[in-house]
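Novice: here is a sequence together with a model predicted from it:
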Amino acid sequence: MHFVSTRHAAPPATLSAAIAAGLAPDGGLYVPEHRPQARQWQEQGSLFGDAAAVLAPFFAGDALASHLPALCEQAFDFPAPLRALSTPGDHVLELFHGPTAAFKDFGARFLAASLARLQGGRDRPLTIVVATSGDTGAAVAAAFHRQPGIRVVVLYPDGRVSPRQAHQLGCFGDNITALRVAGSFDDCQAMVKQALGDRELQARVPLSSANSISLGRWLPQMSYYAHAALTHHAAHGRHLNLVIPTGNLGNAMAAVLARAMGLPIGQIALATNANDVLPRFFQGEAYRPRHSVPTLANAMDVGAPSNFERLRWLHADDDDALRAGFRTAAVDDAAIRELITRRHAAAGELFCPHTATAVKLLEQLRGEGVQGDWAVAATAHPAKFESVVEPLIGQAIEVPPALAALLERPAHAEPCPPHYAALREFLLA
């Protein structure tokens, strides 16, 4: 299979070339040359087995195809359990059991394992530039830490991530550098995209990306949705509906692609925080990116979601058809606080601010009489947001061992103005 740009002005690329490049030469995002065909799927009995099955059509004919089972086994060696909530039919898909306690560990580890094989034997090092609104950077840093032939530069908005997220971003050292940018995530993302499109810079400093704009980050995120849906269907004979908290739309887009391939996924609802670009679009307004505003669910503070291009591609650029396929809602900080407090007091359930937006949307759907089995994607462990969650529940949150180990390390980040020239100078140095 080959991959083309969402902007239709770049030649087709192999999977390996698309993963290595990160962004297409015309600034678009790589997507499969042909929309996936629905088929019947069988549960493979493990997360990495289901991952290899769902990814196989995209790897067919590529140099990485023979490595796919090993890539999946290496990347997906921690669980993604589907747990029942207190409301009958409601579940939470826990995606935070990886090394940095966030869902992005799955895609980052798969990308790192892929690039290790693609980069092997090359004389020139590859620089991964990645913008993060909180969780991506730490997952990428952990995945690529001390990997030969690769250095990572992480850009994050200074003061707009949680203290523990900021510590994670700066605690690795070695081949990982964190830049705290005096701006928003959208500024960081724009700087990264400009670097990836700078041909003169690329000739001197080979670059790639590890944001969800990267094919190697996006495609493997289908795996945990495939595994959850197949496992649930095998046990109950019913499709699994999803509510996904979303910022840059990569995680949600992975679920949408998995559904399009015929996996037993039903409805998909998208929850955002107060950055409501997507809900406005789905309510009938023109798609219009805006400057992001800071919220309690900071990893979703995105005003220009990059993967919207992929969402339009999958729906043949038919906005009416796209709007008809999803439910969306924006959840503000007051509602996030109220939900975290109430659900913990009532049932002992504990959610991070991002997961709380999705639980709130699921409550709204149930209030409207929506039936069926639903799962909320729990994108991060609440211990990463202790400054938000602990005052609401009135007690300390136990920190997962892997996160605790990172928090014990010293951390440092370099200051950076929100201008591409500053990033370019740093990369050249």
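Specialist: That came in fine, so what should we check first?
Novice: so where do the strands sit in the protein?
Specialist: Under the criterion DSSP state E, strands of the chain are mapped to 2-5, 13-14, 30-32, 82-84, 90-94, 126-131, 150-157, 176-181, 207-209, 240-245, 265-272, 327-330, 373-378, 414-416.
Novice: any idea which of those strands gets closest to Q74?
Specialist: Smallest distance to Q74 across those (CB to CB): 15.8 Å, for strand 150-157. (Each C-beta comes from the backbone N, C-alpha and C, glycine too.)
Novice: output the contacting helices and strands for the closest one.
Specialist: helix 104-119, strand 126-131, helix 136-144, helix 163-170, strand 176-181, helix 185-196, helix 420-428 (3 or more CB pairs under 8 Å, 6 or more residues apart in numbering; DSSP states H and E).
Novice: can I get that strand in CSV? Just the C-alpha atoms.
Specialist: Once non-C-alpha atoms are left out, strand 150-157 reads as follows in CSV (Å, rounded to 0.1, in the frame of the first residue of the first chain):
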residue,chain,number,x,y,z
ILE,A,150,18.1,9.7,17.0
ARG,A,151,17.7,12.9,19.0
VAL,A,152,14.4,14.3,20.1
VAL,A,153,13.5,18.0,20.6
VAL,A,154,10.2,18.5,22.5
LEU,A,155,8.3,21.9,22.4
TYR,A,156,5.7,22.6,25.0
PRO,A,157,3.8,25.7,26.0
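Novice: parallel or antiparallel, list what pairs with that strand.
Specialist: strand 126-131 (parallel), strand 176-181 (parallel) (DSSP bridges).
Novice: what about that strand, average pLDDT?
Specialist: Across strand 150-157, pLDDT averages out at 95.
Novice: and that strand with helix 136-144, angle?
Specialist: 170 degrees (axes from the mean of the first three to the mean of the last three CA atoms, to 10 degrees).
Novice: ok, back up a step: looking at the strands paired with strand 150-157, which is buried most?
Specialist: strand 126-131 (a mean of 25; mean count of other CB atoms under 10 Å).
Novice: ok, the residue sitting nearest the centre point of the chain to H354 distance?
Specialist: Against the mean C-alpha coordinate of the chain, by CA atoms, centre = their mean, the closest residue is N251 at 4.4 Å. To H354, N251 is 10 Å away according to CB to CB, to the nearest Å.
Novice: what sits in contact with each of the two?
Specialist: T379 (CB atoms under 8 Å, 6 or more residues apart in numbering).
Novice: so which of the helices and strands packed on strand 150-157 comes closest to R238?
Specialist: From the helices and strands packed on strand 150-157, taking CB to CB, the stretch that ends up closest is helix 104-119, at 24.7 Å.
Novice: low-scoring stretches of the chain, by residue?
Specialist: 120-122 (pLDDT under 70).
Novice: let's see it at 90
Specialist: 21-22, 34-39, 118-125, 133-137, 208-213, 316-317, 429 (pLDDT under 90).
Novice: buried ones in stretch 418-429, by neighbour count?
Specialist: Across stretch 418-429, burial judged by 16 or more other CB atoms under 10 Å covers P418, H419, Y420, A422, L423, R424, F426, L427.
Novice: cool, and stretch 370-377?
Specialist: Neighbour count says stretch 370-377 has D373, W374, A375, V376, A377 buried, by 16+ other CB under 10 Å.
Novice: was I right to think the first one contacts G89?
Specialist: So that's D373. Yes: using CB atoms under 8 Å, D373 is in contact with G89, at 5.2 Å.
Novice: what's the spacing between H233 and L126?
Specialist: Distance of H233 to L126, computed by CB to CB: 40 Å.
Novice: same thing with D135?
Specialist: Noted for D135: a distance of 22 Å to L126, by CB to CB.
Novice: got it, and N307?
Specialist: The value you get for N307 to L126, if CB to CB is used, is 23 Å.
Novice: what does Y225 give?
Specialist: From Y225 to L126 the distance is 29 Å (CB to CB).
Novice: which residue, neighbours along the chain excluded, lies closest to E349?
Specialist: R343 (4.5 Å; CB to CB, 6 or more residues apart in numbering).
Novice: contact partners for the one you found?
Specialist: With contact set as CB under 8 Å, 6+ apart, R343 has these partners: S86, E349, F351, V359.
Novice: show me which of those are buried.
Specialist: E349, F351, V359.
Novice: of these, closest to A335?
Specialist: For the buried ones among the contacts of R343, the nearest to A335 is V359 (10.3 Å; CB to CB).
Novice: of the helices and strands packed on strand 150-157, which is nearest S292?
Specialist: For S292, the closest of the helices and strands packed on strand 150-157 is helix 185-196, at 5.3 Å, according to CB to CB.
Novice: packing partners for that closest one?
Specialist: Helix 185-196 packs on strand 126-131, strand 150-157, strand 176-181, strand 207-209, helix 420-428, going by 3+ CB pairs under 8 Å, 6+ apart.
Novice: using CSV, lay out those together with distance to D320.
Specialist: Listed next are the helices and strands packed on helix 185-196 as CSV, based on distance: least, CB to CB, whole Å:
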stretch, distance to D320
strand 126-131, 32
strand 150-157, 35
strand 176-181, 38
strand 207-209, 32
helix 420-428, 36
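Novice: save the contacts of R343 as a markdown table, and put in distance to E368 too.
Specialist: Output for the contacts of R343, formatted as a markdown table (distance: CB to CB, whole Å):
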| residue | distance to E368 |
| --- | --- |
| S86 | 19 |
| E349 | 21 |
| F351 | 21 |
| V359 | 15 |
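Novice: restricted to helices, list those residues.
Specialist: Among the contacts of R343, DSSP state H puts V359 in helices.
Novice: quick one: the helices in the stretch 201-350 of the chain, in order.
Specialist: Along the stretch 201-350 of the chain, counting by DSSP state H, counting those that start in this stretch, helices occupy 215-218, 222-236, 250-260, 277-282, 308-314, 319-324, 333-347.
Novice: just the ones you listed: most buried one?
Specialist: Comparing the helices of the stretch 201-350 of the chain by mean neighbour count (mean count of other CB under 10 Å), helix 215-218 ranks first with a mean of 28.
Novice: contacts for that helix next, please.
Specialist: 3, 15, 18-19, 29-30, 104, 107-108, 110-111, 114-115, 210-212, 250, 253-254, 307, 310.
Novice: thought M253 was touching I244, still the case?
Specialist: No: taking CB under 8 Å as the definition, I244 is not a contact partner of M253, at 9.5 Å.
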